[in-house]
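Asker: model this:
(one chain, ligands or ions: 1)
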Amino acid sequence: MNLKPFFLILLVACVTVQAQVPEKRAYTYLEQMDEIMKSVPGYWKTSLEDIETTAARVKKGTARLLCMSAGNRPVYGMFYGKPNELKRSANLSSAMGAGNMKHYADKSAQDYKPTLFLVGAVHGGELEGTAALMNLVTVLETGKDLAGKEHPDICASAEKINFIIIPCANPDGRARVPLPSMVGLDYESFRYLSQGTWVDGTLTDWPGCKTIHPILEAVEHLGSYFNDDGINMMHDFFFTNPAVETKTILQTAENYAPDFTVLFHGGANGKPHLAGVGYLFEQEKEKIRAFQRFIKEEYAEENFSLGGNGVEESNTKSFNLTSAITHVCGTPALTFESNQGLDYLEEGNPSIVKYTYDEIYRHHMLTIEGLCKFLLR
Ligand SMILES: [Zn+2]
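Answerer: All right, here's what the predicted structure looks like:
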């Protein structure tokens, strides 16, 4: 692969970002870059150029340019399998008004194949999901991941399941991160790169970064959370004026009526977990709980454990993109929060942990394998 353009982009990105670093704070990620670059495994591919290259190599599936982001960057989707004939005569709301979801998506055909919709980097700097989805695409293409490891379970599932994969839903945010990963990075630099700084140079932090939306005019450094218009797609204007990237995700869900959707996020050094989501599609809540119990056992078999209380955590949280997805396609949608392997721990807090690249990657593949098994039960 020709790496020249990548390093050029990296250099430009570094110079641009460096110029924006407020003097009063010391975000030292540029000094940590050499160390971080040294420890990145060869299978960990997360750059926009990596995605472009992978999309160009898709043969067994179809790679499509789904939209151009606010900052005019491509959002790619990879499609595997044979789309179902859904005999659609209405959207979900109208079908439900008529008393039967089959008017929106009739899934009763003998040859019906469940569809799994997987989305990475809605927050552009949460790179763990992108890394895993790039490997998943490679597995679906070649039978092996980017480390050369075979994944027979996933390959077998691909015979019976359709996959829709968006490795990076927020390329604008991704372009603002001059690193392939956050693993090993200090906490303050992580917050700087992820959520950015207010105009006075202080960290917008989390969840403080949600107090102004769109955030563009209020920041000095725009974090990778946001697209170039300062939109956090998780809390977009879903009903009135969604960003083109958000609309693309919702339309994909509406068009293909996936049977399960997962948005892959990064949740600092929390244990990997299914985040509490408000306003899930009521009829599908029990399926989501069943998946939660199922995946917990899959993790336990490899001596991992999930953090958080998952979907039971709260149903009074905000209506977010995950909620919106379930309401356009009527099926379970989940937010998966990965551990990000940052360089911090909290004394006396066992739920804050620092996982390695291999462990973070395994959590994702375990989750994807679990989703396939769950859909085929
Ligand atoms: Zn996120």
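Asker: residue ranges with poor pLDDT in the stretch 1-150 of the chain?
Answerer: For the stretch 1-150 of the chain, the stretches with pLDDT under 70 are 1-26.
Asker: try the stretch 251-377 of the chain
Answerer: Along the stretch 251-377 of the chain, segments meeting pLDDT under 70 span 310-316.
Asker: Smallest gap between it and the ion, at which residue?
Answerer: His265 (3.4 Å; CB to the ion). Bear in mind the C-beta positions are built from the backbone N, C-alpha and C, glycine included.
Asker: hang on, that residue is in a strand, isn't it?
Answerer: Yes: assigned with DSSP: H, G, I helix; E, B strand; the rest coil, His265 falls within a strand.
Asker: Confirm for me that it is in contact with Gly129.
Answerer: Yes: between His265 and Gly129 there is a contact at 7.0 Å, judged by CB atoms under 8 Å.
Asker: thinking again about what came up before, any idea how many residues pack against the residue of the stretch 251-377 of the chain closest to the ion?
Answerer: If you count neighbours by other CB atoms under 10 Å, His265 ends up with 21.
Asker: Is stretch 336-348 positioned near the ion?
Answerer: No: Stretch 336-348 lies out of reach of the ion by CB under 5 Å from the ion, never closer than 7.2 Å.
Asker: quick one, phi/psi of the residue in the stretch 1-150 of the chain that the ion sits nearest to?
Answerer: With CB to the ion, the shortest gap between the stretch 1-150 of the chain and the ion falls at His123, namely 3.6 Å. Here is the backbone geometry of His123 (degrees, to the nearest 10): phi -100, psi 110.
Asker: That one - how many residues pack around it?
Answerer: When neighbours are counted by other CB under 10 Å, His123 registers 25.
Asker: What of Gly348?
Answerer: Using other CB under 10 Å, Gly348 has 6 other residues around it.
Asker: separation between it and Asn339?
Answerer: The gap separating Gly348 from Asn339 is 18 Å, by CB to CB, to the nearest Å.
Asker: For the stretch 1-150 of the chain, which residues are neighbours of the ion?
Answerer: Going by CB under 5 Å from the ion, the residues of the stretch 1-150 of the chain near the ion are His123, Glu126.
Asker: now Phe163, nearest residue through space, not along the chain?
Answerer: Spatial nearest neighbour of Phe163, excluding adjacent residues (CB to CB, 6 or more residues apart in numbering): Tyr80 at 4.2 Å.
Asker: thinking the residue of the stretch 1-150 of the chain closest to the ion is in contact with Gly266, fair?
Answerer: Yes: His123 lies in contact with Gly266 (CB under 8 Å); the separation is 7.1 Å.
Asker: Pull up the overlap in contacts between these two.
Answerer: Here His123 and Gly266 have no joint contacts, going by CB atoms under 8 Å, 6 or more residues apart in numbering.
Asker: hang on, Gly129 packs against Ser338?
Answerer: Yes: taking CB under 8 Å as the definition, Gly129 is a contact partner of Ser338 at 6.6 Å.
Asker: Settle it for me: which of these two has more neighbours?
Answerer: Using other CB under 10 Å as the criterion, Gly129 and Ser338 rank with Gly129 on top: 31 against 26.
Asker: ok, now how distant is the more buried one from Ser181?
Answerer: For Gly129, the distance to Ser181 (CB to CB) stands at 12 Å.
Asker: Same check on Gly97?
Answerer: 46 Å.
Asker: Number of residues surrounding the residue nearest to Ala275 when sequence neighbours are not counted?
Answerer: In this structure, Ala275 finds its nearest non-sequential neighbour in Thr335, 4.0 Å apart by CB to CB, 6+ apart. Other residues lying near Thr335 total 24 when counted by other CB under 10 Å.
Asker: try Tyr76
Answerer: By other CB under 10 Å, the residues close to Tyr76 number 23.
Asker: how close does it sit to Asp343?
Answerer: With CB to CB as the criterion, Tyr76 and Asp343 are 31 Å apart.
Asker: cool, and Trp198?
Answerer: According to CB to CB, Trp198 and Asp343 sit 24 Å apart.
Asker: now swap in Lys87 and tell me
Answerer: 53 Å.
Asker: Who has more neighbours out of those two?
Answerer: The neighbour count for Lys87 versus Asp343, taken as other CB under 10 Å, is higher for Asp343 (17 against 13).
Asker: Tell me if I'm right that that one and Asp186 touch.
Answerer: Yes: assessed by CB under 8 Å, Asp343 is found in contact with Asp186 at 5.2 Å.
Asker: For burial, what's the neighbour tally of the closest residue to Ala158 other than its chain neighbours?
Answerer: Nearest residue to Ala158, sequence neighbours excluded (CB to CB, 6+ apart): Leu140, at 5.7 Å. Number of residues near Leu140 (other CB under 10 Å) recorded here: 21.
Asker: In contact with Leu140, which residues?
Answerer: Leu140 makes contact with Lys60, Gly61, Met78, Tyr80, Ile154, Cys155, Ala158, Phe163, according to CB under 8 Å, 6+ apart.
Asker: and the third one, that's in a helix?
Answerer: No: Met78: not assigned to a helix; according to three-state DSSP it is strand.
Asker: wait, is Arg64 part of a strand?
Answerer: Yes: checked against three-state DSSP, Arg64 lies within a strand.
Asker: For the nearest residue in space to it that is not next to it in sequence, list the residues it contacts.
Answerer: Excluding its sequence neighbours, the residue lying closest to Arg64 (CB to CB, 6+ apart) is Gly77, at 5.2 Å. By CB under 8 Å, 6+ apart, the contact list for Gly77 reads Ala63, Arg64, Leu66, Ile164, Ile165, Ile166, Thr252.
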